[in-house]
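# need coordinates for the below:
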Amino acid sequence: MLVITSNMEKKETTNETKIYESTYKEEILNGAYPKLSDSLIAVTIEDDGTVKKVDTSTEWYSYEEKRWANAVILKDESKSYNNGEVIPAFIAFNTTGMWIGKFETGYSGATSTSEAESNKADVSKAIVKPNVYSWRGIQVANAFTVSYNYKRELESHMMKNTEWG
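The predicted model follows:
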């Protein structure tokens, strides 16, 4: 399992999931700073869609400038990345507030729209990152099951209207 240690402060442990707080803190947030579990990697997203791991002791987000704090969950947690390297996956939420997938849920491995049409509750096919084929034809019950089972230790689930508002 990937463990984030550099430039992160250990803050609390709940249900065996370690929660870390970025050492960079933007004053405008008034204490509501981004927190990451040991499964989340802090990243920046360039204008061209390139995702890079960041040094969280430096300015990696700015809510005043509308550059949001972003994080990813690695599809292959056996890999590790250095600051500035390109993180090949995107999805996450946890802790105070919540982390939300920034892109539409895609169907991993699909190379066409028709291949992305599946009504199976196969969690291994869920992927949230740019430039992938959107998962189509899935019933709400199966979408719920996939979302719920994606990362149970991070309390993953399909977003409800009450959470969005």
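# which secondary structure element of the protein has the lowest mean pLDDT?
Using mean pLDDT, DSSP states H and E, strand 8-14 stands out as the lowest-scoring helix or strand of the chain, at a mean of 44.
# neighbouring strands - and their directions - for the helix or strand that comes right after it?
Using DSSP states H and E, the next helix or strand after strand 8-14 towards the C-terminus is strand 17-22. Applying DSSP bridges, strand 17-22 is found paired with strand 8-14 (antiparallel), strand 35-37 (antiparallel).
# so who does the closest residue to Arg67 other than its chain neighbours touch?
In this structure, Arg67 finds its nearest non-sequential neighbour in Tyr61, 5.5 Å apart by CB to CB, 6 or more residues apart in numbering. Glycine gets a C-beta too; all of them are placed from N, C-alpha and C. Tyr61 makes contact with 24, 26, 34, 67-70 under the criterion CB atoms under 8 Å, 6 or more residues apart in numbering.
# equivalent analysis for Trp68, please.
Contact analysis of Trp68 by CB under 8 Å, 6+ apart lists Tyr61.
# ramachandran angles for it?
With angles defined as degrees, to the nearest 10, Trp68 sits at phi -80, psi 150.
# what of Thr23?
According to degrees, to the nearest 10, Thr23 has phi -80, psi -20.
# roughly how far does it sit from Ala141?
As for Thr23, its distance to Ala141 is 42 Å (criterion: CB to CB, to the nearest Å).
# quick one, which of the two is more surrounded?
Thr23 (14 against 10; other CB atoms under 10 Å).
# so what's the residue nearest to that one when sequence neighbours are not counted scoring on pLDDT?
Spatially, and ignoring its direct neighbours in sequence, Thr23 is nearest to Ser57 (4.4 Å; CB to CB, 6+ apart). Ser57 carries a pLDDT score of 88 in this model.
# surely Ser57 meets Glu21?
No. Using CB atoms under 8 Å, Ser57 is not in contact with Glu21, being 11.4 Å away.
# between those two, which one's more packed in?
More crowded of Ser57 and Glu21, by other CB under 10 Å: Glu21, with 18 against 14.
# which pLDDT value belongs to that one?
pLDDT, Glu21: 74.
# confirm Ala141 sits in a helix?
Yes. Assessed by DSSP: H, G, I helix; E, B strand; the rest coil, Ala141 belongs to a helix.
# no more questions from me, cheers.
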